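Participant: Sequence unavailable; structure follows:
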């Protein structure tokens, strides 16, 4: 089994000793502990949009059907980049992806795509363990009333100033805990960056 000393070099450097060890213990139990431990109550009232926040009622573009709807979404942007205190010569945009209920996805697979029920059950079991690189699984918790998923390849964006920070708590569905955030960063890293993509680019 991998030791704490070995994995410590990959853990966030800003955590307290207690938080660091708690995160390590949660990582050791992955993927059998993807539950409400994914979320924290600690930052829910902060007037800051954190990477990995779930926010309600963000505008999502459906180009296929030429439609714009409001949907709960997961913030992909780095917290520092979208901080209003970060002054720059060009306006920052908030990147996010819509959150889909797992039950609707299951229904879509069975009724629209026609996947056999047994294969759907197996697919969802693998999905819940975060094994698919382009899908981030969200367990039920905080104000997320159902298991949900986010397709990391369905990105939207909006002006950084559209979301008022003083009423952010009314939009916030959840904030990821250290553990949830760590898993989220791993998923983002794997999906968007492949250092060994086996392509010679000389």
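Facilitator: Now that the structure is in, tell me what you want to look at. Keep in mind that this is a model prediction, so the values were computed, not measured. Residues are numbered from 1 along each chain as shown.

Participant: And what about residue 72, helix, strand or coil?
Facilitator: When the structure is split into helix, strand and coil by DSSP: H, G, I helix; E, B strand; the rest coil, residue 72 lands in strand.

Participant: tell me which residues form a beta bridge with the nearest residue to it once chain neighbours are set aside?
Facilitator: If the residues on either side of it in the chain are set aside, residue 72 comes closest to residue 99, at 4.4 Å by C-beta to C-beta, 6 or more residues apart in numbering. For every residue, glycine as well, the C-beta is placed using N, CA and C. According to DSSP bridges, the partner residues bridging residue 99 are residue 150.

Participant: Run a quick neighbour tally on the residue nearest to residue 40 when sequence neighbours are not counted.
Facilitator: Using C-beta to C-beta, 6+ apart and skipping residues adjacent in sequence, the residue nearest residue 40 is residue 177, 4.0 Å away. Other residues near residue 177 number 23, with proximity taken as other C-beta atoms under 10 Å.

Participant: Residue 40 too?
Facilitator: By other C-beta under 10 Å, 18 other residues sit near residue 40.

Participant: Next up, the contacts around it.
Facilitator: Neighbour list for residue 40: 175-178, 180 [criterion: C-beta atoms under 8 Å, 6 or more residues apart in numbering].

Participant: where's it relative to residue 115, distance?
Facilitator: With the distance defined as C-beta to C-beta, to the nearest Å, residue 40 ends up 35 Å from residue 115.

Participant: do the same with residue 102
Facilitator: Applying C-beta to C-beta, the value for residue 102 to residue 115 is 14 Å.

Participant: can you pull out the strands in the protein?
Facilitator: Listed in chain order, the strands of the chain (DSSP state E) span 54-62, 67-75, 93-101, 135-138, 148-151, 156-159, 172-174.

Participant: center of this protein, which residue is that?
Facilitator: residue 52 (4.8 Å; C-alpha atoms, centre = their mean).
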